[in-house]
Each structure stands twice: as structure tokens, then as C-alpha cells.
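Engineer: What follows is a predicted structure for the sequence shown.
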Amino acid sequence: MSQPFRTEKGGRIDRNEQLTFTFDGEQMQGHKGDTLASALLANGVHLVGRSFKYHRPRGIISSGSEEPNALVGIYRNGDQTPNLRATQVELYQGLEAISQNRFPSLGFDIGAINDLMSPLFPAGFYYKTFMWPKSFWDRVYEPVIRAAAGLGKPPKKPDHDFYGNLYAHCDVLVAGSGPSGLAAALAAAETGAKVILCDEQAEFGGSLLSENSASVDGKEPADWVAVTLARLGAMDNVTLLPRTTAFGYFAHNYVALAERITDHIANPDPKLPRERLWQVRAKEVVIAAGAIERPLVFPENDRPGILLADAGRTYLNRYGVKVGHKVLVATASDSAWQAAFDMADHGVEVAAIVDLRETPPKNLMAIAEARGIRVEAGCVVTGTLGRKRVKAALLGRLMTSGQVASGGQVECDALLMSGGWTPTVSLYSQSRGKVVWDGDKGAFVPGKSVQHERSTGASKGLYGLQATLEDGYAAGENAAKAATGKSAKIAYSTATGGEASNGGTLGALPHDRNASRVKAFVDYQNDVTAKDVKLAVREGMHSIEHIKRYTTTGMATDQGRLSNMNALKIASGALDRPLTDVGLTTFRQPFTPTTFGLFAGVSRGDFFDPVRKTPSHDWVVENGGVFEDVGQWKRTWYFPKNGEDMHAAVARECKIARESVGLFDASTLGKIEVVGPDAAEFLERMYTNPWKKLATGRCRYGLLLNDAGFITDDGVIGRLAEGRFHVTTTTGGAPSVFARMEDYLQTEWPDLDVWITSTTEQYAVAAVQGPKAREVIAPFIEGIDLSAENLPHMSVREGTFCGVPCRLFRISFTGELGFEINVSRRHGKMMWETLAKEIEKHSGTAYGTETMHVLRAEKGYIIVGQDTDGTVTPQDAGMTWAIGKKKLDFVGKRGLERPDLKADGRPQFVGLLTTDPKVKLEEGAQVTVAENPATGTSAEGHVTSSYYSPALDRTIALAMVKNGQALEGKTLYVPMPEGSIPVEVTGTVFYDKEGARINV
Amino acid sequence: MKRYSFLELAKNAFSAHQNWGRQWRAPEPKAEYDVVIVGAGGHGLATAYYLAKEHGIRNIAVLEKGWLGGGNTGRNTTIVRSNYLWEESAALYNHAIGLWQNLSQELNYNVMYSARGVMMLAHTVHDVQVAQRHIHANRLAGVQNEWLTPEQAKEYCPPLNISKNIRYPVMGAALQRVGGTARHDGVAWGYARGADDLGVDIIQNCAVTGIRRSADGAVEGVETAKGFIKAKKVGVVAAGHTSVVMDMAGVRLPLESFPLQALVSEPVKPAFPCVVMSNTIHAYISQSDKGELVIGAGTDQFVSYAQAGGIHITNHTIDAICELFPHFRRMRMLRNWGGIVDTTPDRSPILSKTPVQGLYVNCGWGTGGFKATPGSGHVFAHTIAKDEPHPINAPFTIERFRTGRLIDEAAAAAVAH
Amino acid sequence: MLLIYCPYCDVERAETEFHCGGEAHIARPSDPSQTSEEEWVEFLYMRSNTKGVAAERWRHIHGCGRFFNAVRDTVSDKFLKFYKAGETMPDLEKISKEAGK
Amino acid sequence: MSELLANDLITPDAGESPLLSLSEVSILKAAPLTRLSLRARDASLKDAGKAFGAALPVNPLLAETSKKRAALWMGPDEWTLLAPEEDCQALFTAIEEKLGDQPHSLVDISDRSEAIIVSGEKASWLLNTGIFIDFSIESFPVGTVTRTVFHKSPVMVWRTGTDTFVVEAWVSFMEYVTGLLVQSAQELEVA
């Protein structure tokens, strides 16, 4: 029969719905409501994985998110997710799980040889070896180590799923839905406060779901959960989030939750996100994260079949699964006794209860006796037998001398252990609170609240059902009061049974075995033993952080939730210093491993970053244009025709623009309208150039520095009226120029009567450049006299284009007669298409940014960010003409006076011509004096721009060269791997040096 | 000092590893030292090591307010490279690369320097220009760096998405093959063990609370949690806390300390062979020997000493990683943490004497200090021992901010058009 | 992600709406030509980089666009005061004390 | 402020089909509109309001409306003035004339942005998939207007009704904003 370890009845699984799943290809059955772990256990499967370092066989140890051993890969529809905890994976029909870190199979794993060689692999062994021979590290040792390390197999294909995001606000966020969490949520919600209740599990209720020896308000605990949830569910002010982990507590009460939406569904609707990131700003947070049971550290405490006692109880009561037929219970605290009793009540043979304590509570002894359970007090487990499943345990009796005497051997097929409980203080700790040691409880508990939060119930070390309920109600009431000022008194439920568990132990248990031969695991997944911790201390690692890093304890995927306290105690013993002196390692987010896709959210593909398009975009696509990314913008790079490559296309575009006319989309350039009585004064202070005397209707090139004196941006600025300027910036510089202007305006010169408004997207801009430019635009422009006399170079007028208002600039970045027409963005497409059609009549062409760059380079115009790099002054760039000599101040003026900015030997902007006109220099290539400079020679400069110039039918280059302006006519070299290229230093203007073509 | 080797390991296995000695002592401070180093991170420990080894100064204390290697040394993403633009930077970082290559043997401590290659992606025409400029400048300076086409980049790093249909397609990459990673803790511990063996006192849990200066202004020693310690030379290597320490001597610096986050995934079998960085979409990633994907994020925008950053920074980092490596979307973040990085206006470090006689400072490494650790310690030791900079760190003065002779690695990647 | 109060909008908003402008109350000299090299480098680059309570500039860049100032403890990241641009620098020591630092 | 007034001004573009049409939420593209950015000192507000035809709100994040007019508070000296498309030139001239020499800045930004109307019982939920703001009616009452951030795009949000929001973005960001809203809404189609 399938599921031989399933109980006859009981549990919260749906026995009517049977589900088939596979584990390592083997088909098995489980039920709806099972986790993969409970279903495997129902089938008698304990061995589910191999440990990280020694590849030891490992079984399921817990029933929750703290599970260190039972990590599996889940496969579905081609998607693969490694390292999922079987204890958290909800079963669905057809689930496919694969074990990890084993080869060739889980049962026979070659890596297990590491276990035999383990004496060679103590903590930190890799720091001491693999150093000889030197070349072997990357080639031999490291590849072998890497192949052996790692857990699951990484996904091989892009993820099909998508992920959602939601920002939320609430008065009270309750993390955890055990008794205190539910009580807190209810108490807070009844005041009318907005409450979010989340729990990492599929069902709300926490420990109440596996509690069957207590009652609340006379009901079964699970029934009380149902009633409470019904009440919460009926309230509009409550949001219930099951399968949702509060994984990060950030500054200012910002809590991140991971909601798992489809992983538990057999065939989820593809319209559903797989997971959703909730980013919650909570006025108050109630942390009700509970506590987890600690393992006991005894030799061979890692065999499959050894579980935490509470996990065993949970599998029994909640999932209807017996973890074995003959169970040994080893404990240092009361709670495990209840597990033994429940086992016995379900007909499981309890081999014995082995309690570390000399005198366990009498009432428990009595119950055990009534059930006929053998009890060994003052006794510990000193070892276990059975490789892939525990077969027997060795017992040891504690002597008054502190020694351990052999106590014989007990056969069992499962061992339940409890070292007591550790409050889950991760979230509190993430909130930057400092935990404090509570000696009575033997645990670290939350100290003072640093943010607006409070811990309740077991997460602050409070146990016992009645006490945690009461504490939860109070926490909810107080949180709501603090958040909203409102309160409401509700009737508290009362519990009977579920008494607080006493007892517990920390650190490694004593035993009578040869300490150097046995392994007592502290951190299961990373195979850290008590010996390793002691070795680290011996070697001088005295800080708990050093011990953690050296041994890797607490650094596995469970983040040390089972191991931290035991490791700390062992370290404290080895150091002979109080535990509190050794310190606790920091709890870091996320609380449990959290999917990358969840963080990435919707930002993928075209939504990775906004794709900003200009009004010509569709036309460009239709006409085969190629785009380049400039910031978030898509700009047309070039327009290949008839299979042209970029070089050919650009050569053609350049030629046509110079001979006839070219059309270019300049819409992405930043535009800022500067308006107010002090507009000219403001520009005077921002830019190097003078502005006050610029006549209305005229334009001027503006150069913008930072206060350090370096060029940061440039653009043409037109004066539309006495107090109104149309400023243009570079495309990439638009936001930063605007921000810097606001900064100076608001914080340095708030007295000025001037305001700036971004109009970048108000206007679409078409540049029409070339000898035929005037003819091209003339048919469409009204209200502006286009003649050279009335509209000379560097002018601006307002009129209409095809009847819609436009701002017409006569400016040129090509050295040809040129116009830039600004119409409101909505008419941009119409303008572009009108002009594109019109230029055809003149055999013109549309051109892209590459041609724009060539044409401007032929004229020696700089591109800020290409020819300059943030270290270039106006003098360096040969642009002293742009500095208003009479100005007392402008941004950067004082910076330019600094010694190094005036020093000799600064790089200067020059032209370079290769001796061979066909040789094109590479942009970024270095310029040297020597033809064959020795390695380590300082460069004289570098090539900033380099193109084939169709107008000159040769290559041209621009460069920054030390003292370059004085070197005109001299030969320098550009050393390349294939040989040095001689270049002549020239002026920066290659074409139409007189500028005749622009003034027509 | 007991030498480490495989043989030694095997020998100790027979004695159940009971006989390993301490890697470093836990001494109480003496009343006086020749040199006090403030900060027992990688840079500070390396400084002490080279002072002792190469300059014969053995009477040295390294003071650490917490545990050694617990600051940025133990919190970074362990990338090593030297393909910086300016020759001053390239010389400094390449000096470090030279030392990295023999560091395990030099220290007899496996620092796991692994030259798996650092690939810096170009996504735009501007990126390509910047990368090419780096490559040409590096070649002249003797720094290894080469250009890869997208296909070559994919071959070097198979998980890389070089589809033309992603938001910012990869247009190529600059690859430095000698770049790679090293084990951060190993570096701190190796230098600590080496320095300790040469007689250096490493004093942990000993915060410096003041810097005492004589009437003529020169350094006399430091006030600490464990009392006054006399020293005529004090080297401050306090990373994010440099401003705080230097303020004790009345020295103001052009520094701001920002939170910087890093994170790792759960460990998986080998999935990622090298280091990939993208400045344009702000992400860098490698895989540790343990199998974790190690991912660096950006800094928060405000000064903070909280060692914690905002989730929006994490979100943006991971969305960039998932865009470049879409397989990793189903991987899970295991741990996320923050460091405090001290940044200068030109994003280059300060390794320099100060206006105060006997006070030296090594700071401003921003997000990239780990890679320089050996080189930084080496030239800083020289600076302290000789009271004048090594030629390699001579340009990295405080003075440069006054004169304007910046070494501007940030500006060199400026974006406009 | 910090929660920041804008004194102009009179609301608290997420940090992503804001841009941090660094240390507050560093005024650009009114006549830079009269400043010494030391004064200029002080203005350009030297920063207190305070560990503890410090005043800094923020701009509500994706809101009302205004610059304003805030006092924040750089160790806890807690904001202790927000005030409009142009208002005088508050007594940081007093604020520290009130906050129990 | 009634929903009616806002809807009088910001109306679905008849030429466009709905971007999203679900029972719980819909997204409609709004028809073109006149948008003027006014920057002015307190002393000029009264005159500006008169010339415009609606008072300029002085309280943060508020909108004042009258027939076919809305004045939105954007900052302490910044308002966006909304009016029908065809009124642009006349309004511009009227305000300029009225304000005369009073220091101010009036700039036509009609085409800088586009607007969409997001409405339905899930409207605020949908906006919260990308916007941090608490849209509960107490925190963000009808009539509230603000600039903010939607994922990676700056936007403006104006609540014109309990379940109706006008969302504006600069034109080149609108595809991003609407694309993500539509994608995020798709889970609402799942029963």
C-alpha cells in the first residue's frame, strides 16, 4: 500500500484528494494539504539530500522554513528552481522533485568519499593548502572545489514566469499567525485599524495547527483558528496574506513581504504572477514570528530519521504522518514529551524518552508512566547507528563527576530531539534592534524597540498558549493605539492546556566517545561540527564573526537558524568567556531565501527601463533606420539603403546633406524655457557666455561648466523675448542641467525673478541642413521671412509650420545652411513626414546621429561627453571665445583659476590627419611622441573622434593632446598593436574653414 | 610560525587538529609603538605587514575598533582588476595585481586569488568609446585589457544574454584576463597572520577615541578604549570612518561615506565562470568557490553609517542582473548586507601624508578598495616609513583637490551627446 | 527606502521621489574671485561627513521640485527635523540631545 | 470638487479604443488638453486666477476647478493650468496681459504630457503596483494632485473621483506607464 506511514485518520490533509508526485523519478502518492516533506515521510522516505561538504546522507529534520537538509530542485514546464525546502513545498498533482548535491544518485554518491577523508578537511582547511604549485590553483584545485561545492543545479533557461509588485500602507502589520499573531491581528483590527496579517505558511494558525492537547474557548485550537480567521476575513480593514514571508525589515518601518502565488498550484493561470513583492510602510509592526526548536548536538546527530521533536509532532498531528514505527525521543525540555505522548497515542512505539535532566517534571513522568513509556532521566544520546536511516541510538548516563557512562543501545527508526526553543528574533534584529540575553530563558530576546515595532509571544521568549494569546491581544491593541490613537476592548479567548515548555540546553552534549573520531553537527548543511568551532577558537578566531566565517557555521541557506545558539555556546566554552561576551552574529535580510525575480519585478525586457521614442520613430522603423540607445532614448543611428553597411550609409548621408539637404530628428535634445525679468541675469551666471546683450530673435552657443571649472554641457540658446529664452542642452545632459539650474536658482540665488520649465517633450524638433534647406522648409513656413537678411545664421523666430505654431531656429551643427523647426510634440509626426516627403524632391536624405557626428567633426564642433570627459576646460577645448571676458562671475569661473587648470601641458583639442588618408584611427587610441614608445610611456593624449570624411574623401580625427595647439604641423604617433600610425597635428576645422557655407 | 601546506594538514589530521597554533595573538597594547595603524582591515594589515617586512619596523600596533577584517574587507564582492583609465590609477592597481599573483605563497596563506577574468560590458556607442579608450590607454601602460565582440563575450561567459532584443543589448566588452576574485577573509587573515608573525600587535576591540598632537602640531599618539598609546607616526586606514578619525586630528577631507550593498544567492553548482560588470545598467556579478552568485549593488544616495541600504537599490541591481542573465530569475537571494564606502570627488583614493606631521591617511577607495589591498598597503608602508610617498602613490594626494590635478575615473565615463 | 517629509507639500513620501543634495548650509561664496584656494576647495569638496546628527539637503525632485533641509542621524538614519530652504541651520547639538543621543 | 467637473475637462479620447477594459478597472486615453505651467509669486495669484477662470490653490497638492478649468498645485510657486485644447492661445494671452510686469513665468506645456483615466474599484490597487503613495481615501482624498514616480517613470496623479484617477506622464514615458499598468492588471482577469 502506498503511504505506509500515513495515520489512519486525523491531520489537516484532504484524504479524499490523492495527488501523485515524483521524487528522483519515483512515483509516489500524497494528499492535498501535504508538503513535499510530509508526503515523502508518509511514503517512508527520510533520505532526501546530501550535505554540502562531506556529502553525508541527510533527512528531513524540521517541518518549516528553517530546514537545512531537505533541499530539492523542483522542475515544471521547463522551469527549474533549485534549493527549495521540501518542508515548504506544497504538494500538487504531478509535482516533480529531484534531490541535490549527489552523483550519480542519492543512494550512491561518489562525493561521500569526502566523508571518509574528512580528517583532512577541518574548518578553514582551504586557507592552508592548495598553494603549491602556484599555477594549480585556478587550473586544478579551484575547478575541483567548485564542482564539488554548490548545492542544487542552477536554472538553465530563462524563467517563464513573471512577478508582481504592490506598495501598501497599513496601521499594523502582523508578521506571523500563531496564537499571538492571530490575537494581535484581531485586537488591532477590532479598533478599526488597517491591518495586514501575513504568514509564510499556506495556512494561518502556526503552532495551533498541530496542537491537539489544548483548547481555546473550549474549541480545538484549529477550530478556534478557523473562527478567528472568519472574523478577520469579514473585516474590510484586514488584508490576509498566507504564503507570504516578511523577509526584510528596513529603515522607517518599511517591511518587504514575499507572497508566493502560483508555486502550489498544479496548473496556474499564466496571467497570475508567480510571486508578488509587497513593500509595506507600516505605522506599527507586530512581530509574531514564533520560536524554533534547537537540535541537540551529539555524535552522529545528522542521520536520516533524526528530526526535531516538534517537527515529528507536526507531521503527526497536522499532516497525519508517522515519522517512524519506533521512535526514540531525546530532549532537554518539556515540549518533546508531548511529542512522545502524541506518538504513543497514535500507536507509534516510543522506544524511550531520554531526558538530559536529572529530574524531569513529575507530571510528565506520570503521563509517560501511564502510557508505559520508558523514561531515561539524566541521560543523553552519545551516538547513532545506520547510514541512510537511523537504526539505533547509543545512550549515555550523566555522572555527577561530569563524565558520561555508557547507557546501552536502543533500537529505533526515528529519533526526535529537542534542545529547547530559540525565539525568532531575525525581524527584530533587522529592524536594527539589539537583542539582550535572558538568562532565565537561556535565549536572546528582543531588547528596546528602535523602530515602531513590538515582538509578541514566542518570538520574545514567551511560551504557553494562554500567555501568548494574552500577549498577542495586548500587542495588537497597543500597536493599533500607537498607530491610530484608537482602541477597542475585545473579549479575550482563553486557553486550557498548551502549557509553557521548560528546560533546554545549549551547545554540545557530553559523551563517552573518542572526541577526535566522531562528528557532532552544529550546522547541518555546511557540515560544521563542534570540533570545527573549537579548532577555530584554538587558532585565534575569538570573535563570533571570525568563528562563523572560518567554520562557515550559520552561513548555509538556513542562515544558522538551527545552529547559531549551539555554535555560540560551544565557542563560549572554548574561549572560557561568557556567552554574551562572544556576541551574536548579525541577522541579515532576507529572513528566508527570496527569489531574484521577485526583486526584479516588472523590470524586464522593454520595461527594464522606459523606452523613450521621438515622433519620427514609426517612420524610421518603416524606412529601415537603425537605432542607438542614448540614455533612455532611442535615436536613429543611420538609415541603411539597399543593404548598405553603416559606413556606406553614413558616407551617403553625409554627402547628400552637404550637397543637397538632410533631415535629422533633434527632438531628444534637452529644452528648457527660462522665463522672468531676471532670465538674462540667470543665464549670465550659469553659462560662460554673455547673454544680457543678446538681441531678441538671436541665438548664441552656450557653454556650461561646473564650479570646478570643467565643461559639463553645451547648447544653443535663443532669446524669444526680453524675459524669455529657449535653452537647449545635450540629450543625456537634459535632466542634470535642469537639476543644477534649479539648485543654483533655489539655493544660491533665490532673489532672482526667473523660473525654468522643461520643454524637452513639449517640442518635436526637425533639423533641416544643407544648401537646399531653405527651399525645403519654405513651402510650409508662414509668418517668417526666411531670407538671409531677415533671418541670419543664429536667429530664432516664431511662426507656423503647416499652420501649427513653430519656433524656427536658424542654426547649424553641420556647417551648412541649417534650420531647426520646433513644433508642439503632437504635430511632430506630421512635421517629420511632411519634411521627409519634401526632401525627396531635392534628392535629400534623412540622417542619423552617426552622420550628425561626422558632419560636426568635419567642422571641429565638440560633442560634450565624447570629445570632453569631465576633465576639460574651455581653454583645453579651444573655446576661450565662449567665455564672457568682462563677466565677474559664472559657474566655473573661479574653478578655472585653480593652479592646475591654468598650468602648462594640459591636453588641448586638435585635429589629427593620418599620413595615409585611408587609415582611420580608433577612437580612444593613444597619441605619443615616440613612434614606438616603450610600455609605460605616458601618452600625450588620445583620439576623441575619428571618422571617414566623405567631404574630404579621407579620414579625419579629433584629439586631446598635451599642448596640442602649439604642435600644429608636427608629427605624432598613434601606436597600435599592428604598428604605429603617424599623424599630423592640425587645426580642428577640416571643412569650409572660412565658414562660407553657413552664411548663405 | 608553523608553515601551512598539504603535508602539514595531513600530519595534523593524525593529531585530530589539536596542535594548530594561533594564527595571530591577542596582545594587550604596549605604551608606545613606532607606528600605529588605525584600522585592521585588509589595507591596514597589509600596511603593517609591509612596514615590518620591507622597512624593518617591527614595533607596530594595528588598532581595530571591532574584529579584524570586519569592515569593507569582509563585506565586498572581492573583485580584482587594474584596467583603470588614468595612468596613475592603472599603475597603482597594476602594482596590486603584481602582488596578488604571488600573495598566497608570500603569506603562506591561500587567499584564493583566481584570475578568472573581469569583463566590463558596453551597451551603447558611448560605452564602446569609453571601453576602447581604456583598452588603448591600458595597452600603452602595460596593463592587460582587450576588446571582445558580443559573440566572444558570450563564449567567455556563456550565461550572458547577447540578444539584440533586450533593452540595452551588449555591444561588446573589455576583458581583463588577469582580473578576477580573491577570498576576502583570507586576505585579511593572511596579512594578519603574516604581520603578527613579524611582531606586529593586532589589537582588536580597541577603538581610537582621539589623536594627540604636540605643541608644534606633530602627532604624539592616540587615545584609545584601552588607554593612551604613544606613537610618532600614525597611519589612518579607517575606510568609511576615516572622516571621523581624521576629525580627531582636526584634518578635514573631501570624503563622503555612503552605504553600499552586496548580496549573494543560495549556492548552486558552477554556473558562472568569470566576473561581469556593467556600469551602464549598474550590476556586477561573479560566482564564489562555494557556489553563491556574488552580486554588487550601487550606493544609496545619502551619507550613512548604518551599514544598511534601501531595498530599491537591491531591486534595481537584481533587475539588471536578471536582464543580462535571465536564467537567474529563479535563483534566490540568501544574504544581503551593507558596507560604508568613503568616496572622494574624483573617485580615486587618497594615499598621502597630511598637513599634520606624523599623520598619514589611506582612504577614499569608494566601492573599489579590495582589489588594491596589497598594492595600497605596500606603497602606504613606504610612505609612512620614508615620510614621503612611493612614486606610485605620489599623485594620490589631498593637495590635488586644491590644485585641480584630479585623477578623475568617474568623469572619464561621463555621458552626454 | 527612507520616508521623507516634504515641508512644502506637507506630506511624507518615499525616498525615490527625492534627490539627496549632500551636506546642507554650504553657501557658494558671493564673490568667488575673492576667495583663496583653500576657501574654494572647502566650498567645492570638503565635507564634514558627520557620523551622528547632521543637516543635509534634499530636493523633492519628483514632487514639488523644492529644495529643503533635513536633520538626520547618520547612524540610525532617523530624521529629526525637516525645514525649508533658506531657514537658518538649527542647533544640531540641541536636536541631538532631544533625540537622546 | 465633483467628479463631474474634472470629467468635463479630461475626457476620453473618442478616437482611441480603451487601453484596458475590465469590470474592475479600465484605462482610457484622455483627449488633448491645454496645459500651461504658471510660476508666480503670491501677489500675482489673484490676478492669474481671474485671467484663467479658476482660483489658484494655495494649499499643497490641491486642485481648484471651475467649468472647463482646473488649476493644479504643483509646488509653492508652481501651478499647472488645464483648459480645453482650443483655449490655449487665448488663455495664454489673457494671463500674460493680466500679469503684465508682475514677475512670473507662463509656459505652454500642453503637449509635454499625455493623460490617461484609470477608473474602477481596483484603480488604486492598480496604481499601487507601481506607485508608493497611500491612496486610501483618507490619505489621498478626491481632488488631491501630486507628482510622483511609477516604477521608473515620473508621473502626475490627480484623483478626480473615489475610484477615478487621472495619470499624466511625459509623452515618451506613456508607453511604459500604460504598458505596465495593462500588464499588472491582467491578473484581475483570472477568476
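Structural biologist: Right, received. Where do you want to start?
Engineer: Please identify which helix or strand holds A:Val174.
Structural biologist: strand A:163-175 (DSSP states H and E).
Engineer: same question for that strand, mean pLDDT?
Structural biologist: The pLDDT scores in strand A:163-175 average 98.
Engineer: send the alpha carbons of the helix or strand just after that strand over as CSV?
Structural biologist: Where DSSP H and E defines the elements, the next helix or strand beyond strand A:163-175 is helix A:179-189. In CSV, the C-alpha atoms belonging to helix A:179-189 read as follows (Å, rounded to 0.1, in the frame of the first residue of the first chain):
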residue,chain,number,x,y,z
PRO,A,179,-1.7,32.3,18.6
SER,A,180,-0.1,35.6,19.5
GLY,A,181,-0.1,36.8,15.8
LEU,A,182,-3.8,35.9,15.4
ALA,A,183,-4.7,37.5,18.7
ALA,A,184,-2.7,40.7,17.8
ALA,A,185,-4.3,40.9,14.3
LEU,A,186,-7.8,40.5,15.8
ALA,A,187,-7.2,43.0,18.6
ALA,A,188,-5.8,45.6,16.2
ALA,A,189,-8.4,45.1,13.6
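Engineer: do you know how far the residue in the stretch 1-150 of chain A that chain C sits nearest to is from A:Thr262?
Structural biologist: Using C-beta to the nearest C-beta, A:Ser65 is the residue of the stretch 1-150 of chain A that sits closest to chain C, at 25.1 Å. All C-beta atoms are positioned from the backbone trio N, CA, C, and that covers glycine. Distance, A:Ser65 to A:Thr262, using C-beta to C-beta, to the nearest Å: 19 Å.
Engineer: out of these two, which sits in the more crowded spot?
Structural biologist: More crowded of A:Ser65 and A:Thr262, by other C-beta atoms under 10 Å in any protein chain shown: A:Ser65, with 18 against 15.
Engineer: which residues touch residue 57?
Structural biologist: You didn't pick a chain, so chain A it is. Going by C-beta atoms under 8 Å, 6 or more residues apart in numbering or on different chains, A:Pro57 touches A:Leu47, A:Arg50, A:Leu106, A:Asp109, A:Ala112, A:Arg303, A:Pro304, A:Arg387, A:Lys388.
Engineer: Please refer instead to chain C.
Structural biologist: Per C-beta under 8 Å, 6+ apart, neighbours of C:Arg57: A:Thr747, C:Cys20, C:Gly21, C:Gly22, C:Glu23, C:Ala24, C:Phe67, C:Phe68, C:Asn69, C:Ala70, C:Ala85.
Engineer: Please narrow those residues to those residing in strands.
Structural biologist: Those of the contacts of C:Arg57 mapping onto strands are C:Cys20, C:Gly21, C:Gly22, C:Glu23, C:Phe67, C:Phe68, C:Asn69, C:Ala70, per DSSP state E.
Engineer: With just CA atoms, put the strand or helix carrying A:Tyr428 into PDB.
Structural biologist: A:Tyr428 belongs to helix A:426-430 when assigned by DSSP H and E. C-alpha atoms of helix A:426-430 as PDB (Å, rounded to 0.1, in the frame of the first residue of the first chain):
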ATOM      1  CA  SER A 426      15.600  37.900  12.900                       C
ATOM      2  CA  LEU A 427      13.000  40.600  12.000                       C
ATOM      3  CA  TYR A 428      13.500  42.400  15.200                       C
ATOM      4  CA  SER A 429      17.300  42.300  14.600                       C
ATOM      5  CA  GLN A 430      16.800  43.500  11.100                       C
END
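Engineer: Next SSE downstream of that helix?
Structural biologist: Downstream of helix A:426-430, the first helix or strand assigned by DSSP H and E is strand A:435-438.
Engineer: Flag every buried residue along that next one.
Structural biologist: Using 16 or more other C-beta atoms under 10 Å in any protein chain shown as the test for burial, strand A:435-438 gives A:Val435.
Engineer: Mind giving me the packing neighbours of whatever helix or strand comes next after it?
Structural biologist: Downstream of strand A:435-438, the next assigned helix or strand under DSSP H and E is strand A:443-446. With contacts defined as 3 or more C-beta pairs under 8 Å, 6 or more residues apart in numbering or on different chains; DSSP states H and E, strand A:443-446 has these neighbours: strand A:421-423, strand A:435-438.
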